[in-house]
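> attaching a predicted model along with its sequence, questions to come.
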Amino acid sequence: MIVEIGNDGVGAEERERERERAWFSGFRSVIRRKQVDSVHCRSHPQLARKLSAVDLVGIGVGATIGAGVYILIGTVAREQAGPALVLSLFIAGIAAALSAFCYAELACRCPSAGSAYHYTYICIGEGVAWLVGWSLILEYTIGASVVARGITPNLALFFGGQDNLPSFLARHTLSGLGIVVDPCAAVLVILITILLCLGIKESSTVQSVVTTINVSVMLFIITVGGYLGFKTGWAGYDLPSGYFPYGVNGMFAGSGIVFFSYIGFDSVSSSAEEVKNPQRDLPIGISTTLAICCVLYMLVSAVIVGLVPYYALNPDTPISSAFSNYGMEWAVYIITTGAVTALFASLLGSVLPQPRVFMAMARDGLLPSFFSDIHRRTLIPLKSTIATGLFAAGLAFFMDVSQLAGMVSVGTLLAFTTVAVSVLIIRYVPPNEIPIPASLLTSVDPLLNQSSGDIEEETTMSLEDPASHFDNSHLHDKPDIRLEHPLIIKEVTKEERNENTRRKLAAWSISFLCIGILMVTGAASAEWCPRVLRVTVFGVGVIVLLCSIVVLACIKQDDTSHSFGYSGGFACPFVPFLPAASILTNTYLLIDLGAATWLRISVWMLIGVLIYLFYGRTHSSLLNAIYVPSARADEIHRSQANHLA
């Protein structure tokens, strides 16, 4: 009886260990991080490096200047900002620049396809990276469909109205279903897809031509509108209500709305793998895109609110109506041309990044390998481009997704937030371990003795990289390896102890920084909450946030951050203050999107989580990886190369 009880006890302990190992395995899959692409891990074909800084500016400006400048400024001027619309656009441009600086540094350090998904996978972990990539897929798909549907009514103006469009392009309502199909939108998406299949250089050339036409129209608006304003005395600024009819709060509210007019520069970073000189051209492309768009937005808005009083602007066609008030009906056709070309360029900018995000996720094993195939001649992800193009075309044909446009903002703001967090991680606690396939590690016999000792020493639980413990925990279950290669105890120097302490302090500070920001933004947005509770949470959040920033500002950054990834490119200034401001701004906008938007996005996120749990987690390229120190990984790769030679 005693033996049976003992056996049951042993069995129970073994089952408990199995449950713990299963839990650790599941958690490990969420926090495991991949390596920056290098000569060691480029087992997949690369995209063609054909883009210059000029091409990137064309892609970025085309993707950024869309319908917002032709439609959105009228609504914001009438309802939020008034003549202070110019300042609203300037403040929104500064907020966008916070994210642009973070993007520029990461694009230089990690110049591969995937944009924010790629950076998040390297710096934060696989689970968050999957959510970012899944959100970006939704952003690009819905964004492309909304833009494609918006082109149809503008294009109809050249034919004299919707009723004069050719029947095969005109919108029709399916009897009995109440669905309004838009063949013109679907055809436009298919044309864009065919263009992208020709090659990245051909696509960027067309984008640059279309963007040039759009910018020329905006310069026409600025020049002719400025002449009319000086001639008539700028009636829009001579108002009894003054420059701030809705107060300073209205100006800031307008900034939050027009902020989304600047979010096209992430298309530049998504093309990082196709840039000739990424360390030089990517920062130029991102910064120049943002500067051009900000200046054009401010000048156009200054002219329009000066020509016509803000309350008299047409919310649907503010620019056209402003010129019509001065008897310049012929200018409407030029402005409509600019609107159509802007929407076309924005459509191309929405469809271009999507297959590259699919390709990056497929390379990492999180999606089927079908999406990662590179065409031999054009060197683009052809299958992925066709699949995503057809899906966006079908969505644009059958669905009016304008009511889902708010979901686009979730992907953008989530990407902006994780990119800013990634910059802090790279500067203070850059990953100091590299994933190595278990087969590669065990095949290098001369180094196994030394490596196993280092690996065992690195498996100590640490705050800055718990993945290192979990990813190597399965070695503990192999007594033959442990006995054959016993642990080599090495003396830890004072400098190493100080560095470990600094990394732990920095990791905790970054964590509390994010927690403080969540408390501050959550309390600021929770109007339904009791006032006392809101004020308390807000005050505690401010204290946590300020303390975290002070600690990060006082401790030194990691010395290895200078050589992390590809060196020699742009470095984000004012760290940690600038990334912290970016996280705060984007988190507030995320929380403030509203319950209806979050309810819709939760359905999409739930689908993504299920796909990750049942496919991505078990097919990840890091599934059987073992994490070793960076220096030891270089020795293993050199030994493997010598062995093969």
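Arrived safely.
> contacts for stretch 288-302, please.
53, 56-57, 60-61, 64-65, 69, 73, 77, 85-86, 89-90, 93, 96-97, 100, 215, 218, 221-222, 225, 258, 261-262, 264-265, 268, 319 (C-beta atoms under 8 Å, 6 or more residues apart in numbering). Every C-beta, even on glycine, is put in place using the N, C-alpha and C of the backbone.
> what of stretch 78-96?
73, 76-77, 236-237, 239, 241, 243-246, 250-259, 261-263, 265, 290, 293-294, 297-298, 301-302, 305-306, 310-311, 313, 315, 585.
> cool, stretch 210-226 as well?
58, 61-62, 65, 69, 292, 296, 299-300, 303-304, 306-307, 319, 322-323, 328, 331, 334-335, 337-338, 341-342, 344-345, 348.
> how does it look with 7 Å?
Contacts with stretch 210-226, where a contact means C-beta atoms under 7 Å, 6 or more residues apart in numbering, come from 58, 61-62, 65, 296, 299-300, 303-304, 307, 319, 331, 334-335, 337-338, 341-342, 344-345.
> what comes up buried for whichever strand or helix holds Tyr588?
Element membership for Tyr588 (DSSP states H and E) is helix 577-591. For helix 577-591, burial by neighbour count (16 or more other C-beta atoms under 10 Å) applies to 578-591.
> of the contacts of stretch 288-302, which belong to strands?
Of the contacts of stretch 288-302, none are assigned to strands by DSSP state E.
> ok so, going back, any chance of the buried residues of helix 577-591 in JSON lines, plus pLDDT and distance to Ser145?
Formatted as JSON lines, the buried residues of helix 577-591 follow (pLDDT from 0 to 100; distance: C-beta to C-beta, whole Å):
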{"residue": "Leu578", "pLDDT": "96", "distance to Ser145": "34"}
{"residue": "Pro579", "pLDDT": "96", "distance to Ser145": "32"}
{"residue": "Ala580", "pLDDT": "96", "distance to Ser145": "35"}
{"residue": "Ala581", "pLDDT": "95", "distance to Ser145": "33"}
{"residue": "Ser582", "pLDDT": "95", "distance to Ser145": "28"}
{"residue": "Ile583", "pLDDT": "96", "distance to Ser145": "30"}
{"residue": "Leu584", "pLDDT": "95", "distance to Ser145": "31"}
{"residue": "Thr585", "pLDDT": "92", "distance to Ser145": "27"}
{"residue": "Asn586", "pLDDT": "91", "distance to Ser145": "24"}
{"residue": "Thr587", "pLDDT": "92", "distance to Ser145": "27"}
{"residue": "Tyr588", "pLDDT": "89", "distance to Ser145": "27"}
{"residue": "Leu589", "pLDDT": "87", "distance to Ser145": "22"}
{"residue": "Leu590", "pLDDT": "87", "distance to Ser145": "22"}
{"residue": "Ile591", "pLDDT": "86", "distance to Ser145": "26"}
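> for those residues, which one is nearest Phe159?
Closest approach between these and Phe159, by C-beta to C-beta: Leu589, at 38.7 Å.
> that closest one reaches Leu413, doesn't it?
Yes. In this structure, Leu589 is within contact of Leu413 by C-beta atoms under 7 Å, at 5.4 Å.
> returning to that earlier point: show me the contacts of stretch 210-226 that map onto strands.
Per DSSP E, the contacts of stretch 210-226 never map to strands.
> ok, now which ones touch the most centrally placed residue in the chain?
In the chain, the C-alpha nearest the mean C-alpha coordinate belongs to Ala415, at 3.2 Å (C-alpha atoms, centre = their mean). When contacts are counted by C-beta under 7 Å, 6+ apart, Ala415 touches Ala116, Val132, Leu136, Asp266.
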